[in-house]
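dropping the sequence and predicted coords here.
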Amino acid sequence: MLRLAIPLFLFALCSFTSFSSARSFCTTKPLPIDSFIPKPKLENAAVCSYTVIIKTSCSSVSYTRDKISISFGDVYGNEVYVKRLDDPSSRTFEKCSSDTYKISGPCMRDVCYLYLLRQGSDGWKPENVKIYGSSIRSVTFYYNLFLPNSVWYGFNVCNGIGNTKSSQPISTTSSVAAM
């Protein structure tokens, strides 16, 4: 019964949210990327502010001391990279919780890729990551799996348009529902 309930819930969530300008990647699965290298910060680039909300799954470990990095960007090669989001002293990424970050980086069009990197021995299971800002439509990427250690893991739904050296198309047959 529970096996049927989860896909139905995700379908309903994607269908219900298809009428606004936000985007949600419900049916695309996160994948590892072997050759991902975050880009250095661009000189003289316009700077925008982004809010990133990371929800940790209720089936994750109680909290993690692992190092968590994030990188996201658009089809034009604009990229935001944060080497370390976590703060072990404040018990970030506790199970069933959400952590919110204000991050500055180059202004971009719509975010079409997102990768997380976990380094450590505790383990961690993010449920989803939501990104929004004044210059982009909000977007939510659904993980809901334990991240492997020391592997960039995530989504690239840029569909090969204007690929950058640091982002390879991972899934070009994704089913994307606008949120």
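Thanks, I have the structure now.

where does this structure have low pLDDT?
1-27, 42, 160-179 (pLDDT under 70).

can you list the residue ranges for helices in it?
2-16 (DSSP state H).

could you pull out the strands for it?
23-25, 31-32, 47-56, 67-73, 79-82, 98-106, 113-119, 126-133, 136-142, 153-156, 177-178 (DSSP state E).

save those strands as JSON lines, and put in distance to R91 too.
(Each C-beta comes from the backbone N, C-alpha and C, glycine too.) Shown next, in JSON lines, are those (distance: least, Cβ to Cβ, whole Å):
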{"stretch": "strand 23-25", "distance to R91": "28"}
{"stretch": "strand 31-32", "distance to R91": "27"}
{"stretch": "strand 47-56", "distance to R91": "11"}
{"stretch": "strand 67-73", "distance to R91": "13"}
{"stretch": "strand 79-82", "distance to R91": "19"}
{"stretch": "strand 98-106", "distance to R91": "10"}
{"stretch": "strand 113-119", "distance to R91": "16"}
{"stretch": "strand 126-133", "distance to R91": "16"}
{"stretch": "strand 136-142", "distance to R91": "24"}
{"stretch": "strand 153-156", "distance to R91": "23"}
{"stretch": "strand 177-178", "distance to R91": "33"}
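
compare those and give me the one nearest P88.
P88 sits nearest to strand 67-73 of all the strands of the chain, at 9.0 Å, using Cβ to Cβ.

in its sheet, what does that closest one sit against?
strand 79-82 (antiparallel), strand 113-119 (antiparallel) (DSSP bridges).

let's have the ones you listed in TSV, adding mean neighbour count and distance to D99.
Converted to TSV, the strands paired with strand 67-73 look like this (neighbours: other Cβ atoms under 10 Å; distance: least, Cβ to Cβ, whole Å):
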stretch	mean neighbour count	distance to D99
strand 79-82	20	12
strand 113-119	23	12
